[in-house]
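Undergrad: requesting a structural model of the entry that follows:
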Amino acid sequence: MHTQRLTSAARYLGHLLADARRQLLALRERLRTVEDIQDARGIALLREWLSPEQNAQFDASKCFEVVGCDSGKRYRISYCKGTNVHELDKAGRPVLGWCFVPSGNLVAGDVMLAQKIALETNENGALTVANRFPAHAPRRPNVFLRRAY
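TA: Here you go, the predicted model:
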């Protein structure tokens with residue numbers, strides 16, 4: 001009698017878990033779709049603000065260059081939400097990284113647009129609140145990869 005009840009309860013729980021998993025996967029897919037739509041809208045808005053040259057750069061390498069309004073320095077803004085602004089030397093090589101982002105949970109296109117506008121209209125103000133980082137930060141070793149001896 002108890003064995004039959006336990007078996008029945010286990011089957012019932014199994015069905016509940018399977019249903020919950022299906023619902024979770026469906027919800028995850030809906031969220032992924034919403035995030036894709038938000039990301040596409042952010043990129044579309046960014047592209048409206050880019051010059052034809054910047055749009056061509058973005059098409060080619062998912063980054064574009066801007067000129068700071070105060071110093072005349074060139075910066076490269078890469079597709080990302082942070083640590084994506086690099087100050088460039090005259091040869092176009094990164095010399096210093098800058099990290100500044102608007103507050104809020106924004107998609108990459110919106111962050112990049114805010115960074116572009118900030119550098120082109122208030123470069124000194126943007127860099128005052130920005131964190132600096134080395135242009136070529138050393139890569140952390142992957143502790144999960146082991147050498148075979």
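
Undergrad: please count neighbours and contacts with C-alpha atoms only from this point.
TA: Noted.

Undergrad: so where's the longest helix in this structure?
TA: Of all the segments of type helix in the chain, defined by DSSP state H, the longest one is helix 2-49.

Undergrad: other SSEs contacting it?
TA: Of the remaining helices and strands, those touching helix 2-49 by 3 or more CA pairs under 8 Å, 6 or more residues apart in numbering; DSSP states H and E are helix 108-121.

Undergrad: now the helix it packs on against helix 2-49, angle please.
TA: 30 degrees (axes from the mean of the first three to the mean of the last three CA atoms, to 10 degrees).

Undergrad: quick one: contacts of helix 108-121?
TA: 39, 42-46, 49, 66-69, 77-81, 100-102, 125-126 (CA atoms under 8 Å, 6 or more residues apart in numbering).

Undergrad: picking up where we left off before, next secondary structure after the longest helix of the chain?
TA: helix 52-61 (DSSP states H and E).

Undergrad: ok now that following helix, how far from the chain's centre?
TA: Here the centre of helix 52-61 is set off from its chain's centre by 18 Å, with CA atoms, centre = their mean, to the nearest Å.

Undergrad: got it, and stretch 128-135?
TA: The answer for stretch 128-135 is 17 Å, by CA atoms, centre = their mean.

Undergrad: now stretch 50-57
TA: Relative to the chain's own centre, stretch 50-57 is displaced by 20 Å; criterion: CA atoms, centre = their mean.
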